[in-house]
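Undergrad: next comes the sequence, and after it the predicted model I'd like to discuss.
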Amino acid sequence: MRPPKRLRRRVKSAALLALCAVAVLITLLPLASILFECLVNGAGAITPAFFLKNPPAPCNPAPGVTCPVGGIQDAIVGTLLLVVVASLIALPIGILAGIYLSEFQDRPLARPARFLADVMTGIPSIVIGVFVFGIFLFFAQEGWISSFSIVSGFTGAVALAVIMIPVVARTCEEALRLVPTSIREASLALGIPRHRTILRIVLSAARGGVITGALLAVARAGGETAPLLLTAGFTTGAITGLSGWTPSLPVLIYQFSAGGYANTTQLAWGAALMLVLIMLLISVGARLALRNRFGGRTA
Amino acid sequence: MTGDKLVVENLNAWYGKTHAVQDISLSFPDKRATAIIGPSGCGKSTFIRCLNRIHETQPKARAEGKVLLDSQDVYADDPTEIRGKIGMVFQRPNVFPTMSIYGNVAAGLKLHGGYSHDEMDRLVIESLKKAALWEEVKEKLDQSALQLSGGQQQRLCIARALAVQPEVLLMDEPASALDPISTARIEDLIFDLKNQVPVVIVTHNMQQAARVADRTAFLYLGKLVEVAPTRDLFERPTEKLTESYITGRFG
C-alpha cells in the first residue's frame, strides 16, 4: 500500500516543480527578448556620431539617395537632465514623507497621507502630465512665469517628480519600519535627540531599502513617456536648457519608432538600447554603492 | 553608606488603560547594585524604563510621579538630557547594524558632539576596557559590530552606554538572551561596574539577583511588595508574597 502513495507524492512534487520552472521561464522570456532585440537592432546605431549629433531629417534610402545617420545626443542629455532634476525634487520630499509615515505614524496626518500616496502610485502617468501642465498653465496665466516656459524641461522634471514622490515615500516608509524598535531605543537611551536618532541611526540602518526605493523611482521616471509629452515637449530637437522644450529618450523612441523611416527607426532602436543600458548602470552602480564598507550587503 | 543617587516617589505608569506600575516609591544608593525581581508582567521592565524616560517614547504610554536624580526631578528636565545621564542596556543586544565596533561605542559621543578625536579614542578604549571587551576587539575596531557573538554584542552595548559617562546604569534583563558563560561574564562586569555607577538591574533570575545585587526589590502586579538588602530578602522576607515567590510557589 505504501509505495504507490509515495510515488504519487513524488509525481505531484515533480509536477509542481516543473510548473514553477515554466512560470519562471515565462516571466523571463519577455525580458530576454527585449534585451536581445534591443542589442541586435540597436547595437548598429551606436557609433561616435550617435552621442555627438542630433537626429537628421527622416529619410528612406533610395537609388541615388544616401540618408544622413545622425545621433541622439540631446535626447540622452535631456533624459539625464530630466531625471536628475526630478530626483533632486522628489528624493528629499519622498524620503522626508517616508520618515513621517514611519516614525510619526501616530500623528493624525499619517494615515490619510499613506492612503493618498497609495492612490497616487496608481494614477495613470498621462493624468499626472496633464495635471502638471495645468498647474504651469495657471502659473503663466497669473503672470508668475513666462508662457514660453509652460512646456519646458523643468515642467517635465516636475511631472516626473510627482510620479516619483509617492513611490519613494512608501518604499522609504517600509524600509524604515523594518528597523527594529530596539535600535531606536538604543539610540534614544544614549541621550541622542530624536531627530538625530532618525536621521543618523534609523535612516542609516535602513539605507539599503531606501536606496533601492529611490532607484525604483528613478528607473520608473526615466522610462516614462506619457507625462513628458505635454510638459517637456513632443520633440526630438536640440535642447535649449531646462527652460525650453527638452527632448528625452522615451519621447524620441515613441516619435521615431512610428515614423517608418529607415534612419530614424534605427535611431529609435539605438535609443531603446541606451535607455536599457542607463537603467542597468544605475541599478548596478547603486548595488555596488550599497555594499557597505564591511563587505556585506546592507539590504 | 553613601547617599541615594536616584529616588523614585509615587511612580505610576500606563500602557493605554493598563496601569502597569502602581505608586512605587524606591531609592537607589550610590555605588550599589539593586536588583528588581518579580514574575513576568509584574511591571519591572516598565518601572526601570520610566527612570530614563524611555517608557514614554512608546505609543500610548505615559508615566506620572517623581524620579529624582541627585534631588533633581527627571520629569521636569529635558528627556534627552536625562537619558545621557541615565544609561540603559536592553534585554537583547541592539548594536547599530551599519556601524563598526568603534562606531558603536563612539555613537553617543559623536551624536552629542563636542568631543575631540583624542578624547573620543580615549573614552572608547576606556569604555571597552570597563565592559571587558577590549582584549577581544582591539585588533578589529573598524569591523562590523554584527560579526561579534551575542555575548560580545551585549558587552559592546554596555561599553556604548558607558562611553557617554552616565551617572546611573539601568539594565533590563541584560543576560536573558545569553548563554551561561556570557551570562557569567556580564555578572562579573556588573559586580565591577557598581563601584563606579549605581546599577539597577531587572532580572527574572533570582540566583542572578542574589549574585550581583546589594539590594533587591520584589514587584508583583505593578506594586512594590518588598525591598531589602539582598541577603535579607532571600533569607528572611517580611512579606508572605515575597516568600512564596522566592520559594517558587508561583511566578
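TA: Structure received.

Undergrad: nearest to chain B: which residue in the stretch 101-250 of chain A?
TA: residue A:191 (2.7 Å; Cβ to the nearest Cβ). Quick note: C-beta positions are derived from backbone N, CA and C, even for glycine.

Undergrad: just give the number of residues close to that residue.
TA: Residues near residue A:191, counting by other Cβ atoms under 10 Å in any protein chain shown, number 22.

Undergrad: can you tell me the SS state at it?
TA: coil (DSSP: H, G, I helix; E, B strand; the rest coil).

Undergrad: excluding chain neighbours, give the residue nearest to it in space.
TA: Leaving out its chain neighbours, the residue that sits closest to residue A:191 by Cβ to Cβ, 6 or more residues apart in numbering or on different chains is residue B:84, at 2.7 Å.

Undergrad: got the CA coordinates for the host helix or strand of the one you found in PDB?
TA: According to DSSP states H and E, residue B:84 maps onto helix B:79-85. Provided in PDB are the C-alpha atoms of helix B:79-85 (Å, rounded to 0.1, in the frame of the first residue of the first chain):
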ATOM      1  CA  PRO B  79      14.300  63.800  28.400                       C
ATOM      2  CA  THR B  80      17.300  63.800  26.000                       C
ATOM      3  CA  GLU B  81      19.400  65.300  28.700                       C
ATOM      4  CA  ILE B  82      18.300  62.800  31.200                       C
ATOM      5  CA  ARG B  83      19.000  59.800  29.000                       C
ATOM      6  CA  GLY B  84      22.500  61.000  28.600                       C
ATOM      7  CA  LYS B  85      22.900  60.800  32.400                       C
END
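
Undergrad: how about residues contacting that helix?
TA: A:188-194, B:52-54, B:56, B:69, B:74, B:108, B:112, B:164, B:166-168 (Cβ atoms under 8 Å, 6 or more residues apart in numbering or on different chains).

Undergrad: what's the answer for stretch A:58-78, then?
TA: Residues contacting stretch A:58-78 (Cβ under 8 Å, 6+ apart): A:47, A:49-57, A:153, A:232, A:236-239, A:246-249, A:251-252, A:259, A:261-264, A:266-267, A:270-271, A:274.

Undergrad: for it, buried residues please.
TA: If you call a residue buried by 16 or more other Cβ atoms under 10 Å in any protein chain shown, then stretch A:58-78 has these buried ones: A:58-59, A:67, A:69-78.

Undergrad: now for residue B:92: which residues touch it?
TA: So residue B:92 contacts A:182, B:177 (Cβ under 8 Å, 6+ apart).

Undergrad: is it true that it lies in a helix?
TA: No - read with three-state DSSP, residue B:92 is coil and lies in no helix.

Undergrad: would you mind listing what in chain A touches chain B?
TA: A:106, A:180, A:182-194, A:196, A:200-201, A:204-205, A:207, A:292, A:294, A:296, A:298 (Cβ under 8 Å from any Cβ of the partner chain).

Undergrad: which of the residues you listed are buried, as a PyMOL select command?
TA: Filtering the residues of chain A next to chain B down to the buried ones (16+ other Cβ under 10 Å) takes a single PyMOL command:
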select buried, chain A and resi 183+184+185+186+187+188+189+190+191+192+193+196+200+201+204+205+207+292+294+298
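
Undergrad: how many neighbours does the residue of the stretch 51-200 of chain B found nearest chain A have?
TA: Among all residues of the stretch 51-200 of chain B, residue B:84 sits closest to chain A, at 2.7 Å; criterion: Cβ to the nearest Cβ. Neighbour count of residue B:84, defined by other Cβ under 10 Å: 21.

Undergrad: hey, where'd the helices end up in the stretch 151-251 of chain B?
TA: With helices called from DSSP state H, counting those that start in this stretch, the stretch 151-251 of chain B shows them at B:180-193, B:206-212, B:230-235, B:240-246.

Undergrad: what's the third one packed up against?
TA: Under the contact criterion of 3 or more Cβ pairs under 8 Å, 6 or more residues apart in numbering or on different chains; DSSP states H and E, helix B:230-235 touches helix B:206-212, strand B:215-220, helix B:240-246.

Undergrad: and it, which residues are buried?
TA: Across helix B:230-235, burial judged by 16+ other Cβ under 10 Å covers B:230, B:233, B:234.

Undergrad: is it possible to get CSV of those that adds pLDDT?
TA: Below are these laid out as CSV (pLDDT from 0 to 100):
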residue, pLDDT
B:230, 94
B:233, 93
B:234, 92
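
Undergrad: which one of those residues is nearest residue A:7?
TA: When those are ranked by distance to residue A:7 (Cβ to Cβ), residue B:234 comes first, at 64.4 Å.

Undergrad: was I right to think that closest one contacts residue B:216?
TA: Yes - the pair formed by residue B:234 and residue B:216 meets the contact definition of Cβ atoms under 8 Å, at 7.3 Å.

Undergrad: okay, and the common contacts of the two?
TA: Residues touching both residue B:234 and residue B:216 (Cβ under 8 Å, 6+ apart): residue B:210.
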